[in-house]
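> all I have is the shape, not the residue letters:
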């Protein structure tokens, strides 16, 4: 599967031109599910090798408008991964304690260990997305030189974009592969999914009045995503903008990208030294001797 069309490595992204839908793939659903299942197994096997060496870590960042399918995406793609080497972190509005630290403090605390796969269901990008749509949130952080909304200006956001680029560069140097996905859903499809949550009893728990309030800021969020992706897409840590109106096809694309990127890591089970092989042989003999002694 060719996924280059969804990859952005520099400031050439235009959210208005990015598709939210691909050609109707309903007649290929069985094949799509088979391919996803195959990718799930490959991710599972790769994670086992990662965990055995603890040299590399994978951080999957998933950003999206509400109802774009983040939760179901995570549950499907990582369903086979051993929980010992897998963790998911969700980032909501910062707490009072978190606001007493730099905005990346809570991010560092939630990083997966090397040898693990971690998923950020929303991430540090919230601090240049939600905060850009609602700049009054920045005032709550009590930052030096930021006393009024006039101080939350273009230079402020450029500084945060620079923070993020450098942070991701730092993580890459320390053995982390960062895979950033924006699930790009249309406003019409979001409306349909909201209606489904309201009209379907078993989905009522997913509905939040806050989602409807945030929908009023759709254009501002689109602009914020456009700016953030262009400012932080690099060759080493690109953005992948995924058409998300079709959930199964979006899962196919994301699982394919994750599989291919992880397979590029030099993963392998540790090789045994002569001393370790000797210890194995000794342990093997001791276990066999237990059976002899029973007789």
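Arrived safely, thanks for sending. Being a predicted model, the structure only gives us computed values, none of them experimental. Residues are numbered from 1 along each chain as shown.

> where exactly do the helices run in this structure?
According to DSSP state H, the chain carries its helices in the segments 29-53, 70-77, 96-99, 105-110, 130-133, 136-139, 154-173, 187-199, 209-215, 218-232, 247-263, 274-294.

> just checking, residue 187 touches residue 219?
No - using Cβ atoms under 8 Å, residue 187 makes no contact with residue 219, being 9.4 Å away. To be clear about C-beta, it is placed using only N, CA and C from the backbone, and glycine gets the same treatment.

> quick one, which of the two is more surrounded?
Remark: of residue 187 and residue 219, residue 187 carries more neighbours, 13 against 10, as counted by other Cβ atoms under 10 Å.

> and residue 83, which of the helices of the chain is closest to it?
In terms of Cβ to Cβ, the element of the helices of the chain nearest to residue 83 is helix 29-53, at 10.5 Å.

> and stretch 220-238, what's buried?
By 16 or more other Cβ atoms under 10 Å, the buried positions in stretch 220-238 come out as 221-222, 224-234, 237-238.

> hmm, who's touching stretch 280-287?
residue 272 (Cβ atoms under 8 Å, 6 or more residues apart in numbering).

> poorly predicted segments of the protein, please.
For the chain, applying pLDDT under 70 flags the ranges 24-26, 294-295.

> re earlier: quick one: which of the buried residues of stretch 220-238 is nearest residue 14?
residue 226 (7.1 Å).

> wait, that closest one sits on residue 14?
Yes - contact criterion Cβ under 8 Å: residue 226 and residue 14 qualify, at 7.1 Å.

> for stretch 134-150, which outside residues touch it?
93-94, 99, 103, 130-131, 151-152, 156.

> measure the nearest residue to residue 20 once chain neighbours are set aside to residue 193 for me?
Counting by Cβ to Cβ, 6 or more residues apart in numbering, residue 186 is the residue found nearest to residue 20 once chain neighbours are left out, at 4.1 Å. According to Cβ to Cβ, to the nearest Å, residue 186 and residue 193 sit 10 Å apart.

> more neighbours, the two?
Comparing residue 186 with residue 193 by other Cβ under 10 Å, the one with more neighbours is residue 193, at 20 against 16.

> make sure that one is actually in contact with residue 67.
Yes - look at residue 193 against residue 67 with Cβ under 8 Å: they come within range, at 4.0 Å.

> shared neighbours of the two, anything?
residue 185.

> can you get me a residue count around the closest residue to residue 79 other than its chain neighbours?
Ranked by Cβ to Cβ, 6+ apart and with sequence neighbours excluded, the top spatial neighbour of residue 79 is residue 40, at 6.0 Å. Residue 40: 20 surrounding residues under other Cβ under 10 Å.

> how about residue 178?
Using other Cβ under 10 Å, residue 178 has 21 neighbouring residues.

> could you check how far it is from residue 102?
In this view, residue 178 and residue 102 are 19 Å apart by Cβ to Cβ.

> and for residue 35?
41 Å.

> what of residue 170?
14 Å.

> of the two, who's got more company?
Taking other Cβ under 10 Å, residue 170 and residue 102 do not tie; residue 102 has more neighbours (13 against 10).

> got the phi and psi for that one?
phi -70, psi 160 (degrees, to the nearest 10).

> what's around residue 5, how many residues?
12.

> correction: the previous question concerned residue 103.
By other Cβ under 10 Å, the residues close to residue 103 number 20.

> got it, and the one 4 residues further on?
Residue 107 has 21 neighbouring residues, counting by other Cβ under 10 Å.

> then residue 189?
So residue 189, with other Cβ under 10 Å, has 19 neighbours.

> distance of it relative to residue 68?
Plainly put, residue 189 is 8 Å away from residue 68 if you go by Cβ to Cβ.

> I am finished for the moment; much appreciated.
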